[in-house]
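Colleague: Let me see the structure of the following:
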Amino acid sequence: MHGPGVGNDVCVAEVRVWAEGLAEIDALIGHRFARSEPRKHAVEYVQGLLSGEERKNSWTLSERAGDRLPDGMQRLLSTADWDPDAVRDDVRDYAVGHLADPSGVLILDETGFLKKGTRSAGVARQYSGTAGRVENCQIGVFLTYATAAGRTLIDRELYLPKAWTDDRDRCAQAGIPAEREFATKPELAIAMLERAVAAGVPARWVTGDAVYGQVHRLRARCEELGLSYVLATSVNQRVITVDGAELRADEAIAGLPAQAWRTRSAGDGAKGARLYDWARTPVRGVNWPTAVYWLLARRSRTDPEDLAYYLCHCPARTTLTELVTAAGTRWAIEETSQTAKGQTGLDHYQVRQYAGWYRHITLSMLAHTFLTVTRSKRGPETRRRQRVDRTERPRDPTAALPPDLDVSTRSRPRPRTLPVAPPPSTQSPTMPLPSPRTPALNATVVLERVCLMFGDLMGDAG
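Modeller: Below you'll find the model as predicted:
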């Protein structure tokens, strides 16, 4: 179901396509800036996020753009006149314009941003799934759009704990608007789903972990929005069977016969197909019996005690395989978050203000979406050929050589013994090897070339 993530396998022929894509980004968001200076800095900021810089913050990106001081980039994230929500809408429309699929999946998840101190908007000691423990961090709730063509972030909200929203003076110091009140993570997720549907994002499914799946209001809102869902839930989730019995999720699944279980792949992982045993049983929901609801279970094939549970709502003829595919798509957001942090600097910001968080995160989302769209333009056939090239390359390096290049067909002269020069009388300093003239072609090198070409294209346009 979900398409490829952002990779490093980029060919030289695509460099100019990438440069033209950056020109497209300038045209996409340029009208959001009333003045030329912040517009220029916004494009340079996105270029920097796409670069190979180890840390991508105002200082490093300013230096990369040729600025002696970071003032321009800092103004871009703080006081410059532009609306990050409007740019967010542009990012979403850009993604949908290239990745749209009626069977698309909207994935809900949150990620943590570790922080020091207490002044960054929303920072608190709270559980971070990124760290796997309670840490001093900010929590961002994200909406990812996944289709066969690719997957990328299309919306975001900063979670503000009650300790923040109950302290309006502290909120004012962090630039949090007076109208921003406390909202749970599921409530933030509902707002993002509503925006996606209102904008016409083509999608069939919603998926997410138990933080969202356990919330009745979120599931009901998905139905109202016309979205099917496969949402994770807890082992002690109470369900009502079609016979009217109220049971825990594990109890309802434990009563299924052995033949109810089927082995299905939840999608490909790093080690191949993620195979699990799956079973489902019908349950009641808000609009039962006119609507169809299932309790879905996933069981490890190596540890039968390792089970996970999902609440599902879908059309009547939906197969088990379709539910499994939707459930498996949720794991795509983990890679999406990792690539956004690792390749487009999602967590590299050094801002404390509320507006600064939204501005940096939105520009990072734009950079990630650009990479995803660029890869999608290569098409599935191109990606398939590259996989074949990597997996079906002959083991014998001479097997594919014509006779005139095959070393086994050449005459082999006897090697001659050459005299060895005597060592120097004094120790000479070791000299470093010169750097190769042509660097290895990887994503970083390509992006550097792209940015140079982008400058040429903008100059031609001027």
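
Colleague: how about low-confidence regions in this structure?
Modeller: 1-21, 379-462 (pLDDT under 70).

Colleague: Nearest the middle, which residue of it would you pick?
Modeller: T336 (2.0 Å; CA atoms, centre = their mean).

Colleague: Give the buried residues for the strand or helix carrying that one.
Modeller: Using DSSP states H and E, T336 falls within helix 332-343. Applying a neighbour-count criterion of 16 or more other CB atoms under 10 Å, one finds 332-333, 335-337, 339-341, 343 buried in helix 332-343. In short, each C-beta sits where N, CA and C put it, glycine included.

Colleague: Stretch 201-212 now?
Modeller: Applying 16+ other CB under 10 Å to stretch 201-212 flags 201, 203-212 as buried.

Colleague: What of stretch 289-303?
Modeller: 292-299.

Colleague: Not counting its own residues, what contacts stretch 267-281?
Modeller: Residues outside stretch 267-281 that contact it (CB atoms under 8 Å, 6 or more residues apart in numbering) are 1-2, 241, 252-253, 255-256, 260-266, 294-301, 312, 320, 323-325, 328-329, 331-332.

Colleague: do that again at 6 Å, thanks
Modeller: Outside stretch 267-281, the residues within contact range by CB atoms under 6 Å, 6 or more residues apart in numbering are 252, 256, 260-266, 294-299, 301, 324, 328.

Colleague: Next: stretch 338-351.
Modeller: 5-6, 49, 55-57, 77, 113, 360, 364, 367-368.

Colleague: Among those residues, give me the pair with the biggest separation.
Modeller: Using CB to CB, these reach their maximum pairwise distance at G5 and L77, which is 26.8 Å.

Colleague: quick one: which of these two has more around it?
Modeller: A count of neighbours by other CB atoms under 10 Å puts L77 above the other of G5 and L77, at 25 against 20.

Colleague: Report the two of the buried residues of stretch 201-212 separated the most.
Modeller: Farthest pair in the buried residues of stretch 201-212, by CB to CB: V201 and A210, 24.1 Å.

Colleague: quick revisit: and the contacts of stretch 338-351, which are buried?
Modeller: 5-6, 49, 56-57, 77, 113, 360, 364, 367-368.

Colleague: Going by distance to V134, which of the buried residues of stretch 201-212 wins?
Modeller: When these are compared against V134 (criterion: CB to CB), the nearest one is V211, at 15.3 Å.

Colleague: Other residues contacting the helix or strand the closest one falls within?
Modeller: Per DSSP H and E, V211 falls inside helix 210-213. For helix 210-213, contacts defined as CB under 6 Å, 6+ apart pick out 108, 185-186, 189, 218, 231-234, 311.

Colleague: Make CSV from those and add secondary structure and distance to T152 to it.
Modeller: Output for the contacts of helix 210-213, formatted as CSV (DSSP: H, G, I helix; E, B strand; the rest coil; distance: CB to CB, whole Å):
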residue, secondary structure, distance to T152
L108, strand, 15
K185, helix, 21
P186, helix, 22
A189, helix, 17
L218, helix, 22
L231, strand, 21
A232, strand, 22
T233, strand, 27
S234, coil, 29
L311, strand, 26
